[in-house]
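K.L.:
What follows is a predicted protein model with its sequence.
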Amino acid sequence: MSGRKFAQINSCLLRSRKLVESNHQEKWAYICVHLTLQGNFLGLFRYPTVLWQIEAGLSEDKLSLAIAKLQDVGPVDFDAVKEVICIVGFHSQRPPENASGVMSHVSDLMNFEADTEASERMLLVTSAEICIAALKRAQSWKPDSTEWPKLREALGQFMRRMYLDYAEDLSHTD
């Protein structure tokens, strides 16, 4: 997974339902998640808290409080053990443009090491979000677009692999 050199953030972010009750430090901690060079186009990446502290300009205690609040209101999920962060809803705002974008995301997801329950959950949520976002975006394509077969192939293989690897987790309804 390669890092990004730019970020796209909706201008209505600060009026978001998820952030409206957050204080300045919590909002800034969240914006840093989008702007860090550790980030990628998945919205799921390792973000060491020591680096997050430096980038947000917050003490360890204040960052811990900000993370707890952000997880509570919903814009992020964070695995403190492995320092993995997931930006919730990342792909609903920025769905892949074409089948090549989907293939790139799928490849990155397949290489992501989910080695805790929390990071595994984030991987599954991100995977589902990418599949749904890609299919919703594809609805605007022409029916005879050459992208359709590529998309079906990429998503089909990916979903089969995810099912093989995570069938038990995917079948839980809680």
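P.N.:
Cool, the structure landed. Predicted model, so just to flag it, every value in this text is computed and none were measured.
K.L.:
When you work out contacts or count neighbours from here on, use the C-alpha atoms and nothing else.
P.N.:
Noted.
K.L.:
Select the helix or strand of the chain having the lowest average pLDDT value.
P.N.:
Taking mean pLDDT, DSSP states H and E as the measure, the chain has helix 90-93 as its least confident helix or strand, at a mean of 88.
K.L.:
in the next helix or strand after that one, what counts as buried?
P.N.:
Per DSSP states H and E, the first helix or strand lying C-terminal to helix 90-93 is helix 99-111. Within helix 99-111, the residues that qualify as buried are A99, V102, M103, S104, H105, V106, D108, L109, M110, counting by 16 or more other Cα atoms under 10 Å.
K.L.:
okay, these in CSV with pLDDT next?
P.N.:
Below are the buried residues of helix 99-111 laid out as CSV (pLDDT from 0 to 100):
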residue, pLDDT
A99, 94
V102, 95
M103, 95
S104, 94
H105, 95
V106, 95
D108, 94
L109, 95
M110, 93
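K.L.:
The longest helix belonging to the chain: which residues count as buried?
P.N.:
Taking DSSP state H as the criterion, the chain has its longest helix at helix 147-171. Buried residues in helix 147-171, defined by neighbour count with 16+ other Cα under 10 Å: W148, K150, L151, A154, L155, F158, M159, M162.
K.L.:
can you check stretch 17-37 too?
P.N.:
For stretch 17-37, by 16+ other Cα under 10 Å, it's 18-19, 22, 25-30, 32-36.
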